[in-house]
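Chemist: could you look at this predicted model? Sequence included:
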Amino acid sequence: MAEKPGYVYFMSNRKRGTIYIGVTSDLIGRVYQHRHGVVEGFTKKYKLECLVFYEIYDSIVEAIAAEKKLKNLHRVKKIAIIEKMNPGWADLYDEIVK
């Protein structure tokens, strides 16, 4: 049986605003939770409701390893990663639910 893919994603509240980096095996469901404040915590507190970056990995194990590396980057590098894929910091949620 093939392993489920894993996703690393960045949530934000505005262009160059607060950034949250997460990992999940269900990107649509997890982003929905962030957008609707379902789970208490950092993303709800800072209203991080926009999906501004995501990457797909073959497994959740690979995604977790990537998330750890990304979380250790300086903020400037995190912004550069977002802006390479998404220069206008558009909310990518509609892209993933199509």
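Modeler: Yep, it's here. Numbering: from 1, shown residues only.
Chemist: can you give me the helices for this protein?
Modeler: Counting by DSSP state H, residue ranges of the helices within the chain are 27-35, 42-45, 60-71, 75-85, 93-97.
Chemist: okay if I get these as JSON lines plus distance to Leu51, mean neighbour count and mean pLDDT?
Modeler: Glycine gets a C-beta too; all of them are placed from N, C-alpha and C. Shown next, in JSON lines, are the helices of the chain (distance: least, C-beta to C-beta, whole Å; neighbours: other C-beta atoms under 10 Å; pLDDT from 0 to 100):
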{"stretch": "helix 27-35", "distance to Leu51": "5", "mean neighbour count": "18", "mean pLDDT": "97"}
{"stretch": "helix 42-45", "distance to Leu51": "11", "mean neighbour count": "15", "mean pLDDT": "95"}
{"stretch": "helix 60-71", "distance to Leu51": "15", "mean neighbour count": "16", "mean pLDDT": "98"}
{"stretch": "helix 75-85", "distance to Leu51": "11", "mean neighbour count": "13", "mean pLDDT": "98"}
{"stretch": "helix 93-97", "distance to Leu51": "5", "mean neighbour count": "12", "mean pLDDT": "95"}
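Chemist: tell me which of these lies nearest to Tyr9.
Modeler: Nearest of these to Tyr9, taken as C-beta to C-beta: helix 27-35 at 6.2 Å.
Chemist: wait, which of the helices of the chain is closest to Tyr20?
Modeler: Closest to Tyr20 of these, according to C-beta to C-beta: helix 42-45, at 5.2 Å.
Chemist: can you tell me what sits against the closest one?
Modeler: Contact partners of helix 42-45, identified using C-beta atoms under 8 Å, 6 or more residues apart in numbering, comprise 11, 20, 22, 34, 37, 48-49.
Chemist: buried among those? Make that a ChimeraX selection.
Modeler: Entered in ChimeraX, the line below selects the buried ones among those, by 16 or more other C-beta atoms under 10 Å:
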select :11,20,22,34,48,49
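Chemist: in strands only, show me the contacts of helix 42-45.
Modeler: Counting by DSSP state E, the contacts of helix 42-45 place 11, 20, 22 in strands.
Chemist: okay, and the beta partners of the second one?
Modeler: In this entry, Tyr20 is beta-bridged to Met11, by DSSP bridges.
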